[in-house]
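K.L.:
Predicted model follows, preceded by the sequence.
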Amino acid sequence: MPVTSPPRAWAEIDLGAIRHNLNVVKQAAKGEYYMPVVKAAAYGHGLEQVCRTLDSEGIAFFGVANVGEARRISQAGCRTRPYILGPAFPEEREEIVLNGWRSFISTIEEAVHYNSLARLYGKTLPIHISVDTGMGRGGFLPDQLEELLSRLGELDSLYMEGLGAHLPCADEDREITLRQIARFEQMAARIREKLPLKYCHLANSAASLDYEIPSNNMCRPGLVLYGFSPIPSPWAAQLKPAMALFSRLTVARTLPEGHGISYGGTFVTDHPTRVATVGIGYADGYVRSLAHKGARVMVDGVSCPLLGRVTMDQIMVDVSRVPHPEPGMTVEIMGPNIPVTELAEKAGTISWEIFTGIGPRVPRHYIH
Ligand SMILES: *Cc1c(COP(=O)(O)O)cnc(C)c1O
């Protein structure tokens, strides 16, 4: 006997859509190099599967969050090197050096440590300089650049391969973003006087679709790969959502008028109502904040409102308009009729958080 029951909720992931979306970004951005961002299990779509899909699509790096994700990519047999988008702890740096994974420096201390590790192993380590144009998460500030440049001589086991920064407002505020792009251009020009810099990367999804960044020759698209544009864009219509999330109806009953539904009794029927229970809850990533916000699921082509609070493993929905609600019927939670953007908006969050919140209990089924 298998130890698990048939899944109450599952995701279907179209890997071809992810490949297609990368090509849409390439047409839109016309960049030279690409770093698909696959951190957090490729935004919940599955790290190994997405990396194997994109490995031979002419890309420079895979953007990951940490050393553990980098390991999984190399163990999956991918040739493309991981680039670790967050600072590494000192004890993780040796593994980065030995594998030639890409990392970046935000401080002189990090540079000195990487340099001594590279020297110890007789290597020249390609590394990227991170600059802070306003994100406040890492990187050299403009007035700290001179010290780094003046100490390049003693960092002779490092090869400064690239320059990167991250835009905090590319999908929210054009003025701030343009100012930060200008700051990036200034810093890139100053560094280029001393270093050739093969890769210059600032553009996330929003900036890849919407901004001209003269020195940017590598884009780091995340969300767009999975089929959604963070900003209104003429390219948005060409993107294909890669993930759909389904569950099953487990029971359907008629509840009388005045009957409470779910914890806290925050919803009470005001007429006899056909109520179905569906096998997905917040433990699967169907977030509690969707309650009482007009969220819905699709059953047999009918839009069915969520009733009451979301519980850990189950939700209740109004199936009064579904002709024959039966246990076992497939329920669309997110997909062709309910985009992730709708769930995010109703839950008061962002698509990124909905995707990455889809839990490990939800099996992923792949369409190649
Ligand atoms: C996550 C991340 C990205 C991708 O962002 P999207 O908005 O999903 O395209 C790009 N760059 C860095 C540094 C990131 O951390």
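P.N.:
Noted; the coordinates are in hand.
K.L.:
From Val310, how far off is Thr330?
P.N.:
Distance from Thr330 to Val310, counting by Cβ to Cβ, to the nearest Å: 19 Å. Quick note: C-beta positions are derived from backbone N, CA and C, even for glycine.
K.L.:
burial count for the closest residue to Arg190 other than its chain neighbours?
P.N.:
Distance criterion Cβ to Cβ, 6 or more residues apart in numbering; nearest residue to Arg190, sequence neighbours excluded, is Leu145 at 6.2 Å. Here the neighbour count serves as a burial measure; for Leu145 (other Cβ atoms under 10 Å) it reads 17.
K.L.:
Can you tell me the SS state at Leu145?
P.N.:
Assigned state for Leu145: helix (three-state reduction, DSSP: H, G, I helix; E, B strand; the rest coil).
K.L.:
Surely it and Glu193 touch.
P.N.:
No - using Cβ atoms under 8 Å, Leu145 makes no contact with Glu193, being 10.9 Å away.
K.L.:
Show me which residues of this protein are close to the ligand?
P.N.:
Within the chain, the positions adjacent to the ligand are 37, 39, 85, 166, 204-205, 220-223, 230 by Cβ under 6 Å from any ligand atom.
K.L.:
Which two of those have the greatest separation?
P.N.:
In the residues of the chain next to the ligand, the most distant members under the criterion Cβ to Cβ are Leu85 and Pro230, with 17.1 Å between them.
K.L.:
Give me the most central residue, this protein.
P.N.:
Centre of the chain computed as the mean C-alpha position; nearest residue by Cα atoms, centre = their mean is Tyr43, 3.7 Å away.
K.L.:
For it, which non-adjacent residue is spatially closest?
P.N.:
Phe355 (4.4 Å).
K.L.:
Quick check: chain neighbours aside, which residue is closest to His259?
P.N.:
For His259, the closest residue by Cβ to Cβ, 6+ apart turns out to be Thr269, at 4.8 Å.
K.L.:
Then Gln238?
P.N.:
Val24 (4.9 Å).
K.L.:
What residues sit buried inside stretch 141-152?
P.N.:
Under the neighbour-count criterion of 16 or more other Cβ atoms under 10 Å, stretch 141-152 has 145, 148-149 buried.
K.L.:
now stretch 89-99
P.N.:
By neighbour count, with 16+ other Cβ under 10 Å as the criterion, the buried positions of stretch 89-99 are 92-93, 96-97.
K.L.:
can I get the residues you listed in a markdown table with pLDDT?
P.N.:
Formatted as a markdown table, the entries for the buried residues of stretch 89-99 read as follows, by pLDDT from 0 to 100:
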| residue | pLDDT |
| --- | --- |
| Glu92 | 97 |
| Arg93 | 98 |
| Ile96 | 98 |
| Val97 | 97 |
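K.L.:
still on that earlier bit, tell me which of Thr330 and Val310 has more neighbours.
P.N.:
Set Thr330 next to Val310 and count neighbours by other Cβ under 10 Å: Val310 wins out with 24 against 12.
K.L.:
Now do the contacts for the residue nearest to that one when sequence neighbours are not counted.
P.N.:
Residue nearest to Val310 in three dimensions, not counting chain neighbours: Arg288, with 4.8 Å by Cβ to Cβ, 6+ apart. When contacts are counted by Cβ atoms under 8 Å, 6 or more residues apart in numbering, Arg288 is found next to 282, 309-310.
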